[in-house]
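**Student:** Here is my input, please return the structure:
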Amino acid sequence: MKTIQNQLMLYKSRSKLALHRTLSTLKWIILSLIEGAILGVLGTAFYYCVTFVTGLRQSHIEITYLLPVGSLLILYVYHLTKRDTPGGTNLVLSSIREDKDVPLRMTPLIFFSTVFSHLCGASVGREGAALQLGGSIGANMAKFFHQRGGDRKIMIITGMGAAFSALLGTPLTGAVFALEITSVGVMYYPALLPSVIAALTAHQVALLLHQPVVRYSIGEIPDFGFLTGLQIGVVGIVSGAVAILFILSLRLVEKESGHCLHNKYIRGLILGTILLGLTLLTNLLEGTPQQYNGAGIDMINLAIRGNSPWYAFLVKILFTALSIAAGYKGGEIVPSFFIGATLGCAIAPLIGLSPALCAAAGMGAVFCGVTNCPMAGLLFLFELFGFEAMPYFLLAIAISYVVSSYVTLYKTQHFHFAKFKGDDPLQHGGK
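**Tutor:** Residues are numbered from 1 along each chain as shown. Just a heads-up that it's a prediction; the model follows:
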């Protein structure tokens with residue numbers, strides 16, 4: 001009799017647990033669909049706004065004369081809305097671990113300031129806005145649906161992945177990047193299903209709204225072997241080193257300009273003027289205007305075809321560092337694609353591989369080097385270029401991940417596991 005009672009109690013306990021898991025899964029499916037749909041619409045609107053102002057600037061070169069004063073307007077608007085303290089993506093990442101507030105006003109701020117930055121010709125990307133848009137929407141949806149603690153964390157991660165997916169047309173990368181970016185070496189797997197559903201939903205919404213999907217062809221890919229492994233290894237090594245150069249350049253320009261020019265408006269005016277001078281100079285020397293302004297997608301296309309200047313990655317680093325330090329908004333990841341593609345194109349003739357293959361590997365390797373997200377970097381290349389060059393992509397990204405050491409774009413990113421045996425991750429921001 002007692003045995004039967006125990007079995008009944010065990011059955012009831014398991015039934016309650018199964019019911020709880022089912023209801024929890026249904027909850028996350030519904031919330032993820034809602035979040036993905038919202039960010040799909042928002043991300044697509046953002047894409048079209050950036051595309052429109054980019055085309056407007058490229059057809060009216062005189063708009064770049066706004067560069068000295070454009071950042072002043074952005075700085076003033078952020079001051080009026082009491083967002084003077086730098087936060088951005090770092091604020092979103094820290095909010096995941098420390099339960100910090102992500103204000104809803106961050107959504108329109110980053111949306112319009114990034115669009116305006118692209119209109120002026122600042123050398124910034126779009127993904128910083130995507131991560132902040134997604135994080136802000138996710139945090140405030142969590143508040144609306146009374147989700148706290150771990151559930152709130154899941155909604156922020158899910159929002160980041162959905163926005164990244166909608167904007168760049170890469171749902172696999174968006175879902176995994178959001179899981180991977182917060183803590184190096186650890187993925188927050190409770191957010192896996194919601195992040196995947198939201199990223200796929202956002203991507204489908206973007207497709208329904210006729211947002212174009214960018215895909216590239218590498219052409220003929222040589223058989224992978226010892227020699228070609230050594231060749232692509234060079235791309236990985238140099239990409240990791242350039243990733244460090246890029247991040248240190250961003251920090252150096254921001255730090256030194258802050259020390260020399262304490263007033264942020266004067267700093268924005270002077271750096272913007274330098275940026276305008278460099279824009280006019282490169283327009284004159286290269287004959288093709290505005291190649292280093294905005295996201296630089298045209299130059300990425302040139303690099304894949306083997307036609308970008310060998311020094312393009314260095315110029316882009318300078319343009320982006322000046323733009324961010326001046327106060328323009330956007331992000332550094334899309335510039336890292338530009339830097340990686342043009343770097344790979346420059347290396348290709350030196351090592352004997354095709355420019356398309358090296359440009360593709362360079363894109364993923366530099367992206368991995370600056371974000372410390374190797375899985376997202378690999379999936380990004382798969383989505384853009386296909387799986388045929390998998391061993392080349394894998395090796396280049398793995399080497400870049402190690403070479404880039406503990407340098408990162410995001411100050412609030414934590415290293416939970418060391419990259420090298422014997423290292424203490426606590427010395428590099430890990431907890």
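**Student:** So what's the residue count around Asp185?
**Tutor:** If you look again at residue 185, you'll see it is Gly, not Asp. Under the neighbour criterion other CB atoms under 10 Å, Gly185 is assigned a count of 14. Using the backbone N, CA and C atoms, a C-beta is placed for each residue, glycine as well.
**Student:** ditto for Phe52
**Tutor:** Phe52 - counted by other CB under 10 Å - has 13 other residues nearby.
**Student:** Pro190 too?
**Tutor:** Neighbours of Pro190 (other CB under 10 Å): 15.
**Student:** next one: Leu275
**Tutor:** Neighbour count of Leu275, defined by other CB under 10 Å: 29.
**Student:** For it, give me the pLDDT.
**Tutor:** Note for Leu275: predicted pLDDT of 97.
**Student:** what's the answer for Gly331, then?
**Tutor:** 84.
**Student:** In three-state terms, label it for me.
**Tutor:** Taken by DSSP: H, G, I helix; E, B strand; the rest coil, the conformation at Gly331 corresponds to coil.
**Student:** Check the gap between it and Val50 for me.
**Tutor:** 11 Å (CB to CB, to the nearest Å).
**Student:** Quick check: neighbours shared by the two?
**Tutor:** Residues touching both Gly331 and Val50 (CB atoms under 8 Å, 6 or more residues apart in numbering) are Thr114, Arg126.
**Student:** quick one, phi psi at the residue nearest to Gly169 when sequence neighbours are not counted?
**Tutor:** In this structure, Gly169 finds its nearest non-sequential neighbour in Val213, 4.4 Å apart by CB to CB, 6 or more residues apart in numbering. Per-residue torsions, Val213: phi -110, psi 130 (degrees, to the nearest 10).
**Student:** hang on, Val213 packs against Gln204?
**Tutor:** No. With contact defined as CB atoms under 8 Å, Val213 does not reach Gln204; the gap is 11.4 Å.
**Student:** Tell me which of these two has more neighbours.
**Tutor:** Gln204 (16 against 12).
**Student:** Can you give me the pLDDT of the more buried one?
**Tutor:** Predicted confidence (pLDDT) for Gln204: 97.
**Student:** now the host helix or strand of Ala360, how far from the centre of its chain.
**Tutor:** Using DSSP states H and E, Ala360 maps to helix 355-371. Its chain's C-alpha centre and that of helix 355-371 lie 14 Å apart, by CA atoms, centre = their mean, to the nearest Å.
**Student:** what's downstream of it, the next helix or strand?
**Tutor:** Next along from helix 355-371, by DSSP H and E: helix 374-385.
**Student:** For the chain, which segments count as strands?
**Tutor:** 183-184, 414-415 (DSSP state E).
**Student:** Sheet partners, orientation included, of the last one?
**Tutor:** Strand 414-415 pairs in its sheet with strand 183-184 (parallel), by DSSP bridges.
**Student:** Give me the mean pLDDT for the partner strand.
**Tutor:** 82.
**Student:** now whichever helix in the chain runs longest, how far from the chain's geometric center?
**Tutor:** When the chain is parsed with DSSP state H, its longest helix is helix 2-59. From the chain centre to the centre of helix 2-59 is a distance of 22 Å (CA atoms, centre = their mean).
**Student:** pLDDT of it, averaged?
**Tutor:** Mean pLDDT, helix 2-59: 86.
**Student:** same thing with stretch 134-150?
**Tutor:** So the average pLDDT for stretch 134-150 ends up being 88.
**Student:** Number of residues surrounding Ala360?
**Tutor:** 29.
**Student:** Now do the same contact list for it.
**Tutor:** Tyr216, Ile218, Ile304, Ala341, Gly344, Leu381, Leu384, Phe385, Ala389, Phe393.
**Student:** Next: Asn283.
**Tutor:** Contacts of Asn283 by CB under 8 Å, 6+ apart are Ile61, Pro289, Gln290.
**Student:** List the residues that contact the first one.
**Tutor:** Under the criterion of CB under 8 Å, 6+ apart, the neighbours of Ile61 are Asn283, Pro289, Gln290.
**Student:** just those now: which is nearest Gly233?
**Tutor:** Gln290 (34.6 Å; CB to CB).
**Student:** Would you confirm that that closest one contacts Leu119?
**Tutor:** No. Using CB under 8 Å as the test, Gln290 is too far from Leu119 to be in contact (11.9 Å).
**Student:** how close does Gly229 sit to Pro222?
**Tutor:** Counting by CB to CB, the gap from Gly229 to Pro222 is 11 Å.
**Student:** what does Val403 give?
**Tutor:** Taking CB to CB, one finds Val403 at 23 Å from Pro222.
**Student:** between the two, which one's more packed in?
**Tutor:** Higher neighbour count among Val403 and Pro222: Val403, with 20 against 14, using other CB under 10 Å.
**Student:** which residues touch that one?
**Tutor:** Val403 touches Gly236, Ile237, Ser239, Gly240, Ala241, Ala243, Ile244, Gly369, counting by CB under 8 Å, 6+ apart.
**Student:** One more: Thr371?
**Tutor:** Phe177, Ile181, Ile333, Ser336, Gly377, Thr408, Leu409, Tyr410.
**Student:** tally of neighbours for Ser195?
**Tutor:** Ser195, neighbours per other CB under 10 Å, totals 32.
**Student:** ok, the closest residue in space to Ile247 that isn't next to it in sequence - how many residues close by?
**Tutor:** Of all residues not flanking Ile247 in the chain, Val407 sits nearest, at 5.0 Å (CB to CB, 6+ apart). If you count neighbours by other CB under 10 Å, Val407 ends up with 18.
**Student:** and Val407, what pLDDT?
**Tutor:** 90.
**Student:** pLDDT weak spots in the protein?
**Tutor:** Along the chain, segments meeting pLDDT under 70 span 1-2, 4-13, 84-88, 91, 94-95, 97-100, 421-422, 424-431.
**Student:** repeat that for 50
**Tutor:** Where the chain drops to pLDDT under 50, the residues are 430-431.
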